[in-house]
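1. sharing a sequence plus its predicted fold:
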Amino acid sequence: MKRFPLLLFIALSIVPLQAQTEARKQEIIAAVGEQAGSALLNVHMAVNSLAERWTKKSIPVAEAKELATSYRESAKLCATLVAGKSVQIESTAAALVKQATALETWINIGDDSMAPVHAKLKAEADGLITGETPAPKAPSPPAAPDGTIELKTTKSVAPNGKQGPLGIMHVTKMNREQPLIVTWKYQNGNGDRGLCVPFPGSGKMATFFGQGIISVGIYKREGKKVTGYWAPTVAGGKISTISMTQAGDKPEYDIADGGKLVLDFKPGMMANATWKFEKGDTPGLAVGEGDYLAIVSMKPGSKAGVAIYSMAPDSKSATGRWIIVDTPGVGEDELIVTKVTGVFSADSSAAAPPAADGKIKDEVKAIAEKLRLDLGNAASLKPTPEQVAAITATPEDAEILLAYVTAVYDALKPGKSAAKENQTVIKVTGPDLKELPGGYTQQISHFNKSGIQIYGFKYLAPGEKFGMSFDGLFLVDGKWVFIPKAWRAFAK
């Protein structure tokens, strides 16, 4: 679904490949191929060229923002192109993605405190590109699954109205980057296997069964805007985000990265889908519930189906709606959760979060008192990269927020109180987003809403409604972390 942005090709036509020796260029190309190697080298030079122009303030802000986004997307595509071909070049591409992401964040927030963060990541990428940084060690063995949830189908009605298959459904979570693995074992001895992509914070997930599926995703419509999460079905495929906008009044949607999705709806909230790109059209299939659609793309002539599952608010049961290629009607399932192992969130937190309980309020107030003594005490609440990954919705979001965290804590000045002398009252805010700055509501799609809630606090003088406000407290695996104004990391 991704293509090189047009701006990249325009930029590369004027960016010379001059930072690497000819021998190093040939070494990279030999490791990953002409297309991937040349793309990696070109994107590296384009990112460095933009960074130099931005540092010298010799480029308009609007142009810089547009190029920064284009180059980050191109760096991500380079990482895809070199995947599985060379451990050293994979690390090089990953470092370039980090550098491009930091540069985009720096340009978007306009704060030069991000300059040291970018400089550090640039040095890392430059070293790997030129070969001055040693190749990394071989990757560790595959990690064990994070967790598994088992569901039993208690009722099933097939699309034709007859009895559907009963049995056990297992959903296995390997990590936050990859789609979940789904297997079905039916009472008649047969089974199915597919991949599942959840929509964070909704309790809904899309999956497929059968052969010939190219990608699977789940999408939410809000007015004419559509946001989604999708993953390819190739080995090692990762979940990515996608944005679309409805074109006119017909169910046709322009994809932000290029291309179009056309839906032909049938009764029962089901549709035939067509993904249209310059390289050609790809058929698909969709089934929905409410504002959500589960959609797959597939090879022509595939015999497969797509399903959308919805977890109950208490995470003890679920329902499913499913359809099959060239078969009229929608199948419906009712399921109960029979077993949960490891760290597995059913991601059913679609409802507004409850008010902070007494224990939470006491802990937040204790943190506020600690910062009243010295704002520098926030250093003990700085999140680790793993905690940032737990807070954010995607790996890309984690990279952006981690760069922001580094900048915020580098600028932290100890020895100053967080409150004024007369502000002796502490009021806890959150986790309801209505109690927090509007930026969180606007940028909430970048945060992982599955089990993650956001808190803040205010220092008030007695009888006053306004005072010093702070936000960005997250409770991650029982530990508090603090990212002031975390929403700013994603503000464009």
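-> Cool, the structure landed.

2. return the helix or strand in the chain with minimum mean pLDDT.
-> When the helices and strands of the chain are scored by mean pLDDT, DSSP states H and E, helix 6-12 comes last with a mean of 39.

3. show me what the one helix or strand F209 maps to is packed up against.
-> Secondary structure from DSSP states H and E places F209 in strand 204-210. Strand 204-210 sits against strand 180-186, strand 191-199, strand 213-222, strand 292-298, strand 304-311, with contacts defined as 3 or more Cβ pairs under 8 Å, 6 or more residues apart in numbering; DSSP states H and E. Backbone N, C-alpha and C define where each C-beta goes, glycine included.

4. pLDDT averaged over it - what is it?
-> Taken as a whole, strand 204-210 has an average pLDDT of 94.

5. after the least confident helix or strand of the chain, next one along is what?
-> Sequence-wise, the next helix or strand downstream of helix 6-12 (DSSP H and E) is helix 22-32.

6. could you find the closest non-adjacent residue to the most centrally placed residue in the chain?
-> Closest residue to the average C-alpha location of the chain: T394 at 2.1 Å, with Cα atoms, centre = their mean. Spatially, and ignoring its direct neighbours in sequence, T394 is nearest to T241 (5.9 Å; Cβ to Cβ, 6 or more residues apart in numbering).

7. picking up where we left off before, switch the helices and strands packed on strand 204-210 over to TSV; also include distance to K365 and mean pLDDT.
-> Shown next, in TSV, are the helices and strands packed on strand 204-210 (distance: least, Cβ to Cβ, whole Å; pLDDT from 0 to 100):
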stretch	distance to K365	mean pLDDT
strand 180-186	38	92
strand 191-199	34	92
strand 213-222	36	93
strand 292-298	38	95
strand 304-311	33	94
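
8. ok, which of those comes nearest P383?
-> Using Cβ to Cβ as the criterion, the shortest distance between P383 and those is 23.0 Å, found for strand 191-199.

9. check the offset of the closest one from the chain's centre.
-> Here strand 191-199 shows a centroid-to-chain-centroid distance of 18 Å under the convention Cα atoms, centre = their mean, to the nearest Å.

10. direction included, what does that strand pair against?
-> With DSSP bridges as the criterion, the sheet partners recorded for strand 191-199 are strand 180-186 (antiparallel), strand 204-210 (antiparallel).

11. residues touching the last one, excluding its own?
-> Surrounding strand 204-210, the residues in contact under the criterion Cβ atoms under 8 Å, 6 or more residues apart in numbering are 171, 180, 182, 184, 192-199, 216-218, 233, 289, 292, 294-296, 302-311, 322, 324-325, 347, 350.

12. any of those buried? List them.
-> 171, 180, 182, 184, 192, 194-199, 216-218, 233, 289, 292, 294-296, 302, 304-311, 322, 324-325, 347 (16 or more other Cβ atoms under 10 Å).

13. let me see the ranges of the helices in the stretch 351-492 of the chain.
-> Taking DSSP state H, counting those that start in this stretch, the helices of the stretch 351-492 of the chain run over residues 358-373, 385-391, 395-410, 438-443.

14. tell me the most buried of those helices?
-> For the helices of the stretch 351-492 of the chain, the largest average neighbour count (mean count of other Cβ atoms under 10 Å) is found in helix 395-410, namely a mean of 22.

15. same list (the strands paired with strand 191-199) but as TSV, adding distance to Q443.
-> Listed next are these as TSV, based on distance: least, Cβ to Cβ, whole Å:
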stretch	distance to Q443
strand 180-186	25
strand 204-210	21
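
16. identify each buried residue in stretch 83-91, please.
-> 83, 86, 88-91.

17. quick check: mean pLDDT of the helix or strand hosting A75?
-> Using DSSP H and E, A75 sits in helix 61-82. Per-residue pLDDT values over helix 61-82 give a mean of 90.

18. so it versus helix 22-32, what angle?
-> Per axes from the mean of the first three to the mean of the last three Cα atoms, to 10 degrees, the angle that helix 61-82 makes with helix 22-32 is 60 degrees.

19. show me what the helix or strand just after helix 61-82 packs onto, helices and strands only.
-> Moving toward the C-terminus from helix 61-82, the next helix or strand (DSSP H and E) is helix 87-109. Counting contacts by 3+ Cβ pairs under 8 Å, 6+ apart, helix 87-109 is packed against helix 22-32, helix 34-55, helix 61-82, helix 115-130, helix 395-410.

20. identify whichever of the ones you listed lies nearest to T245.
-> helix 61-82 (16.5 Å).

21. that closest one: how far from the chain's middle?
-> 16 Å.

22. which neighbouring elements make contact with that helix?
-> Helix 61-82 packs on helix 6-12, helix 34-55, helix 87-109, going by 3+ Cβ pairs under 8 Å, 6+ apart.

23. looking at those, which is buried most?
-> It is helix 87-109: most buried of the helices and strands packed on helix 61-82 by mean count of other Cβ under 10 Å, with a mean of 24.

24. buried stuff in stretch 413-432?
-> Buried-residue list, stretch 413-432, by 16+ other Cβ under 10 Å: 418-419, 423, 426-431.

25. how about those residues in TSV, adding distance to K266 and pLDDT?
-> TSV is the format used below for the buried residues of stretch 413-432 (distance: Cβ to Cβ, whole Å; pLDDT from 0 to 100):
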residue	distance to K266	pLDDT
A418	58	91
A419	60	92
Q423	60	92
I426	56	93
K427	52	94
V428	49	93
T429	46	93
G430	43	88
P431	40	87
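
26. between those residues, which is nearest D281?
-> Nearest to D281 out of the buried residues of stretch 413-432 is P431 (Cβ to Cβ; 44.0 Å).

27. excluding chain neighbours, what is closest to the closest one?
-> In space, P431 is closest to Q453, 3.5 Å off (Cβ to Cβ, 6+ apart).

28. burial measure for the one you found, as a count.
-> Neighbourhood size, Q453 [other Cβ atoms under 10 Å]: 18.

29. contacting residues around it?
-> Counted by Cβ under 8 Å, 6+ apart, Q453 has contacts 353, 430-431, 474-475.

30. and K485, what does it touch?
-> K485 neighbours (Cβ under 8 Å, 6+ apart): 437, 439, 471-472.

31. just checking, the residue nearest to T394 touches V226?
-> No. Contact between T241 and V226 fails when scored by Cβ atoms under 8 Å: they sit 11.3 Å apart.

32. same drill for the two, tell me which one is more crowded.
-> Counted by other Cβ under 10 Å, T241 and V226 do not tie: V226 has more neighbours, with 21 against 16.

33. what sits closest to that one if chain neighbours are left out?
-> M244 (4.2 Å).

34. would the one you found count as being in a strand?
-> Yes. Under DSSP: H, G, I helix; E, B strand; the rest coil, M244 falls within a strand.

35. got CSV for the contacts of K485, with pLDDT and distance to L285 too?
-> Below are the contacts of K485 laid out as CSV (pLDDT from 0 to 100; distance: Cβ to Cβ, whole Å):
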residue, pLDDT, distance to L285
P437, 90, 41
G439, 88, 37
D471, 96, 42
G472, 95, 41
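
36. for those, which one is nearest A75?
-> For these, the nearest to A75 is G439 (26.2 Å; Cβ to Cβ).

37. grab the nearest non-local neighbour of that closest one.
-> Nearest residue to G439, sequence neighbours excluded (Cβ to Cβ, 6+ apart): W487, at 3.5 Å.

38. pretty sure that neighbour is touching P437, no?
-> Yes. Contact criterion Cβ under 8 Å: W487 and P437 qualify, at 6.7 Å.

39. so between these two, which is more surrounded?
-> Set W487 next to P437 and count neighbours by other Cβ under 10 Å: W487 wins out with 23 against 17.

40. can you give me the distance of that one to D249?
-> 33 Å (Cβ to Cβ, to the nearest Å).
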